[in-house]
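1. The following block contains a protein sequence and its predicted model.
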Amino acid sequence: MVIDVNQPNKTDALSYFDKGGNIPKRWAKASISFGATEEPYVQEFVVGPLPINGDSMFFPDTFGTHGEDAKIRIYDMDDSTGFVHDKVMEMDDVVRDLLESQSCL
């Protein structure tokens, strides 16, 4: 899993900086690998608004794609599982801090 903070919409940011508008809401993008399926894939989701609360939601990030779910097939998932697992375990503390979770892995 990879989590990144999305840049706010340019028109929202300019409205805030130039015209004293509201601070744009912050959103994150989470890329999640689904390897325990017959056809492994990665899918990106938009999550927010941040910080996570009862009003937060998530949905597939289809910006820039033509598919309704924007799944990216991974045909050699078994070959890269060890590498991905090692990297995820190195980032465990960072992911826990981001998600304010006691146990996420």
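-> Yep, it's here.
2. So which residue is dead centre in this protein?
-> Centroid-nearest residue in the chain, with Cα atoms, centre = their mean: residue 30, separated by 1.1 Å.
3. So it is in contact with residue 3, correct?
-> Yes: Residue 30 is in contact with residue 3 according to Cβ atoms under 8 Å; the separation is 5.0 Å. C-beta: built from backbone N, CA, C; applies to glycine.
4. got any residues that touch both of these two?
-> Residues touching both residue 30 and residue 3 (Cβ atoms under 8 Å, 6 or more residues apart in numbering): residue 47.
5. Number of residues surrounding residue 4?
-> 10 (other Cβ atoms under 10 Å).
6. no, scratch that, I was asking about residue 76
-> There are 8 residues near residue 76, going by other Cβ under 10 Å.
7. hmm, which helix or strand of this structure has the shakiest average pLDDT?
-> When each helix and strand of the chain is scored by mean pLDDT, DSSP states H and E, helix 77-90 comes last, with a mean of 70.
8. Name the next helix or strand downstream of that one, please.
-> helix 92-99 (DSSP states H and E).
9. How far off centre is that following helix?
-> Helix 92-99 has its C-alpha centroid displaced from the chain centroid by 13 Å (Cα atoms, centre = their mean, to the nearest Å).
10. Report the buried residues of it.
-> Using 16 or more other Cβ atoms under 10 Å as the test for burial, helix 92-99 gives 95, 98.
11. show me where pLDDT drops low in the chain?
-> 77-82, 84, 101-105 (pLDDT under 70).
12. who's the residue nearest to the centre of the chain bridged to?
-> Taking DSSP bridges, one obtains residue 3, residue 45 as the residues bridged to residue 30.
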